[in-house]
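Chemist: Using only what follows, build the 3D model:
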Amino acid sequence: MNFEDIKTEIEIPYYEETQKRSFVQKLRKIKNTRILFHRWRGVHIGQHVYIGLHCHIDNLYPDYIYIGDNASINSDSMILTHFNPMKRFAPIVQAKAAPVVIKEGAILAVRSTVLPGVTIGKNAIISAGSVVEKDISDYSLVRGNPAKVITNYKPLMTE
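Modeler: Just a heads-up that it's a prediction; the model follows:
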C-alpha cells in the first residue's frame, strides 16, 4: 500500500446536521410527489399547497376539486365531490356530484371532511375532525360536526 495516496483531512457536517437535511429533503420529495400525483389525476392545485399523508381526495370526480395557492390539507382529511347512494334510497337522498373549492390560504386540520358542493373561503381554518357541509366565509374559524363558525378573525389579521 502506498501511503502517499492517502487523502488529507476535510471538514464535514456533524451527523445530526446531515440527518436533518436528508430527512427534510426526503419529506419534500414525498410531499411534491403527492401534489404531482393529484394534479395528474385532474385535481386543480395552486402553488405552495401542502397535502398531508393519508388524505382521501375523491376518486370518481377529482377534476371537481379546486385548491388555491398556499392552502394546507392535513393528514387523514377527506374531500368528497360526490354522493352516490343505492337506488333504493332515491326517495330519501339524491345522488349528486358537485365541485369543492378550497380558496387561497385555507387550512383543513387533521381528519377534516369536506362534503360535495362546499366552498371554503380565503384563509379559513377548519378545526380537527370537523365535517363541513355548508360554505365557509373568508377568515372564519369553524369546528364540529356539522361545522359551525366559531369566529371571524379578519380584524386580527394584519395585511
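
Chemist: where in this structure is pLDDT low?
Modeler: For the chain, residues meeting the criterion pLDDT under 70 lie at 1-31, 158-159.

Chemist: Geometrically speaking, which residue is the centre of the protein?
Modeler: By Cα atoms, centre = their mean, the chain has its centre lying nearest to residue 73, at 1.9 Å.

Chemist: so what's that residue bridging to?
Modeler: Applying DSSP bridges to residue 73 gives these bridge partners: residue 51, residue 108.

Chemist: distance of it from residue 142?
Modeler: Noted for residue 73: a distance of 15 Å to residue 142, by Cβ to Cβ, to the nearest Å. Using the backbone N, CA and C atoms, a C-beta is placed for each residue, glycine as well.

Chemist: cool, and residue 103?
Modeler: Plainly put, residue 103 is 14 Å away from residue 142 if you go by Cβ to Cβ.

Chemist: which residues do the two both contact?
Modeler: Residues touching both residue 103 and residue 142 by Cβ atoms under 8 Å, 6 or more residues apart in numbering: residue 124.
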